[in-house]
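1. Following is a predicted model, sequence given first.
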Amino acid sequence: TEHQIADRIRKRVLETIGREQSGAVVKIRRKWRLTAAAAIVVMGLAGLIYFLFSRDSTKPGPSQAITIQPSPVQKLVPGGNKALLTLADNTTIVLDSATNGIISIQGNSKVEKLANGLLAYTINGKLITEKDQAFYNTVSTPRGGQFQVTLSDGTKVWLNAASSIRFPVVFTGAERRVEVTGETYFEVAKNETMPFKVKAGTSEVEVLGTHFNINAYDDEALIKTTLLEGKVKVSAAGDPSYRFLSPGQQSGISKQGKITVLDHADTEEAVAWKNGRFQFKSADLQTILRQLSRWYDADIEYRGRANLHFTGQLTRNAQVSGILEKLEMTGEVHFTIENKKIIVSPK
């Protein structure tokens, strides 16, 4: 052992000292130096062997490869073109996996998926009858999805994540009426003899031909309609009053049905999602995280609240970790990603 080796060295040192005091020759002194050096090496090796084998015997030995497996973390990736088409007979078609071409014929209308991911409704050149209006379809996007639809009248509709639109495959009668949830952007085809009406929650928007955005998510405080072009009439369910909007104005309808109008709305912020961006102007942290939750299909868990506001814009193609790092630069909030959950903690 180490103690026995040390005792032997001590005895040899004492013997050498005694020899030197009695006039021992230099040869003996040199021999001791070699012996002492060898003993020191042996003691070092013995100490090393003791150190290695005194560890937990369940750990791998030095001859075994140690592999550290990374923890299985499911990445939160940006959304893309994903949607579900529900036909009048409740048949469902996953649009992101459907092949391009005609995917359904209903009455005198055909549904076609184009190469750019657009869903288009067209009339087959036949006489339109009242029963054609009985065919209602719904296009819905999941969290992490978006989609674009062209209705049979030529109206173009963009759907943000976690949104839907219900519509007749062919418009007949005195008006064109659709129902939406979530967030949608419209470029309505002009038809002065057939007004276009959009029902979103407790609000209704009536237009002739215009470009506007509706944000009607259930977890938002207001149903917001932002007008970019044309003119619309906004009303709330159960309220006979209404308001006309001009370009640049934004209406807000509360859960109680109260209508307010913002005269100088940030129209770029309202439609930033359609143009592939997140854009915020003095937005609170909770509002921002609701948008990230929908687009990255993530759940949000708060472990304490942070009263923060942000202004800026980011691409929707960015990894969510990069966006959270920018939000962390305030030094007042910290984010942790666990599988499909974003955990928010104040610093």
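-> Arrived safely.

2. Poorly predicted segments of the stretch 1-150 of the chain, please.
-> Where the stretch 1-150 of the chain drops to pLDDT under 70, the residues are 1-74, 125-134.

3. try it again with 90
-> 1-75, 87-89, 96-135 (pLDDT under 90).

4. can you give me the helices for this protein?
-> 2-21, 26-53, 267-270, 285-296, 320-328 (DSSP state H).

5. Buried ones in the last one, by neighbour count?
-> In this case it means helix 320-328. Across helix 320-328, burial judged by 16 or more other C-beta atoms under 10 Å covers 320, 323-324, 327. For the C-beta atoms, the positions are set from N, CA and C on the backbone; glycine is no exception.

6. next one: stretch 143-160
-> For stretch 143-160, by 16+ other C-beta under 10 Å, it's 143-153, 155-160.

7. Q291 touches Q279, doesn't it?
-> No: contact between Q291 and Q279 fails when scored by C-beta atoms under 8 Å: they sit 9.9 Å apart.

8. Quick check: beta-bridge partners of T86?
-> Note on T86: beta-bridge partners by DSSP bridges are T92, T138.

9. ok, and the closest non-adjacent residue to P78?
-> Leaving aside its chain neighbours, P78 sits nearest to N317 (5.4 Å; criterion: C-beta to C-beta, 6 or more residues apart in numbering).

10. how close does the one you found get to M329?
-> N317 sits at a distance of 20 Å from M329 (criterion: C-beta to C-beta, to the nearest Å).

11. Pick out whichever of these two has more residues nearby.
-> Higher neighbour count among N317 and M329: N317, with 11 against 8, using other C-beta atoms under 10 Å.

12. mind checking pLDDT for the more buried one?
-> Looking at N317, its pLDDT reads 95.

13. Nearest residue to the residue most central in space within the chain in space, please, no chain neighbours.
-> By C-alpha atoms, centre = their mean, the chain has its centre lying nearest to Y296, at 1.5 Å. Leaving aside its sequence neighbours, Y296 sits nearest to L76 (C-beta to C-beta, 6+ apart; 4.3 Å).

14. In this structure the one you found contacts I300, no?
-> No: with contact defined as C-beta under 8 Å, L76 and I300 do not form a contacting pair (11.4 Å).

15. Residues that sit against both of those two, list them.
-> With contacts defined as C-beta atoms under 8 Å, 6 or more residues apart in numbering, the residues shared by L76 and I300 are I342.

16. low-confidence ranges in the stretch 151-300 of the chain?
-> 169-173, 192, 208-209, 237-241, 255-256.

17. Now with 70, please.
-> Residues of the stretch 151-300 of the chain meeting the criterion pLDDT under 70: none.

18. need the contact list for Q319.
-> 75-78.

19. Just read off the phi/psi values of it.
-> phi -70, psi 140 (degrees, to the nearest 10).

20. got it, and the one 10 residues further on?
-> Backbone dihedrals for M329, given as degrees, to the nearest 10, come out at phi -60, psi -10.

21. Okay, W273 and T260: tell me how far apart.
-> As judged by C-beta to C-beta, W273 and T260 stand 22 Å apart.

22. neighbour count winner among those two?
-> Counted by other C-beta under 10 Å, W273 and T260 do not tie: W273 has more neighbours, with 22 against 12.

23. That one touches A162, doesn't it?
-> No: with contact defined as C-beta under 8 Å, W273 does not count as touching A162 (11.7 Å).

24. Longest strand in the chain, please.
-> Assignment by DSSP state E gives strand 176-187 as the longest strand of the chain.

25. Show me how far that strand is from its chain's centre.
-> 23 Å (C-alpha atoms, centre = their mean, to the nearest Å).

26. what angle sits between it and helix 285-296?
-> 100 degrees (axes from the mean of the first three to the mean of the last three C-alpha atoms, to 10 degrees).

27. Give the partner strands of strand 176-187 in its sheet and their orientations.
-> Paired neighbours of strand 176-187 in the sheet (DSSP bridges): strand 156-159 (antiparallel), strand 164-168 (antiparallel), strand 196-200 (parallel), strand 211-216 (antiparallel).

28. burial count for A88?
-> With other C-beta under 10 Å as criterion, A88 counts 15.

29. show me what contacts it?
-> 106, 134-137, 169.

30. Pick out the most distant pair among those residues.
-> A134 and N137 (11.4 Å; C-beta to C-beta).
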